[in-house]
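In: return a 3D structure for these sequence lines:
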Amino acid sequence: MQVLHCTVSLLTNFEQVRDRHDWQIGTHGIIIDFVDPRGVARNGIYLPEVMPEQGWNKQQAIISLIRKAGYSQPVTEQLLASVRLTRYQTSNTTRSYDDWRRARAKSPTL
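Out: Reported below is the predicted structural model:
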């Protein structure tokens, strides 16, 4: 039995939002951009499935993404207010190793 699977996510429907909470957990992925108090531009991205997998609410996800972007100082309300958030959706497909082997047998150039 083969257990190797590969999933490809196509990112679609990008929308910059005015309110950092204007997205749905499990439906939207999020991208943040901000400039930290030292003037360093930072950004980060999470796929839609990350928040439900981690059990995060919106605030926890945004703070985690700020950390992922490399910011290690206290996250203040002022910093949160400066975050520019883009939401997006994904279209996913998953294939197994056996799927790949069958496709390769039909077309040896894969």
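In: any idea how far Asn92 is from the most centrally placed residue in the chain?
Out: For the chain, Tyr46 is the residue whose C-alpha lies nearest the centre (CA atoms, centre = their mean; 1.7 Å). In this view, Tyr46 and Asn92 are 15 Å apart by CB to CB, to the nearest Å. Every C-beta, even on glycine, is put in place using the N, C-alpha and C of the backbone.
In: likewise Cys6?
Out: 11 Å.
In: who touches stretch 52-69?
Out: The contact list for stretch 52-69 (CB atoms under 8 Å, 6 or more residues apart in numbering) reads 20-21, 23, 25-26, 30, 32, 34, 42-46, 50-51, 75, 79-80, 83, 85.
In: report the buried residues of it.
Out: Neighbour counts using 16 or more other CB atoms under 10 Å place 56, 58, 61-66, 69 of stretch 52-69 among the buried residues.
In: next helix or strand past the helix or strand Gln59 falls within?
Out: For Gln59, the element it lies in under DSSP states H and E is helix 58-68. Next helix or strand after helix 58-68 toward the C-terminus (DSSP H and E): helix 77-82.
In: buried set for that following helix?
Out: By 16+ other CB under 10 Å, the buried positions in helix 77-82 come out as Leu79.
In: for it, packing partners?
Out: Applying 3 or more CB pairs under 8 Å, 6 or more residues apart in numbering; DSSP states H and E, one finds that helix 77-82 makes contact with strand 29-35, helix 58-68.
In: adding mean pLDDT and distance to Arg101, write the ones you listed out as TSV.
Out: Listed next are the helices and strands packed on helix 77-82 as TSV, based on pLDDT from 0 to 100; distance: least, CB to CB, whole Å:
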stretch	mean pLDDT	distance to Arg101
strand 29-35	98	31
helix 58-68	98	36
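In: just put those in CSV and tack on distance to Asn13.
Out: Converted to CSV, the helices and strands packed on helix 77-82 look like this (distance: least, CB to CB, whole Å):
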stretch, distance to Asn13
strand 29-35, 10
helix 58-68, 18
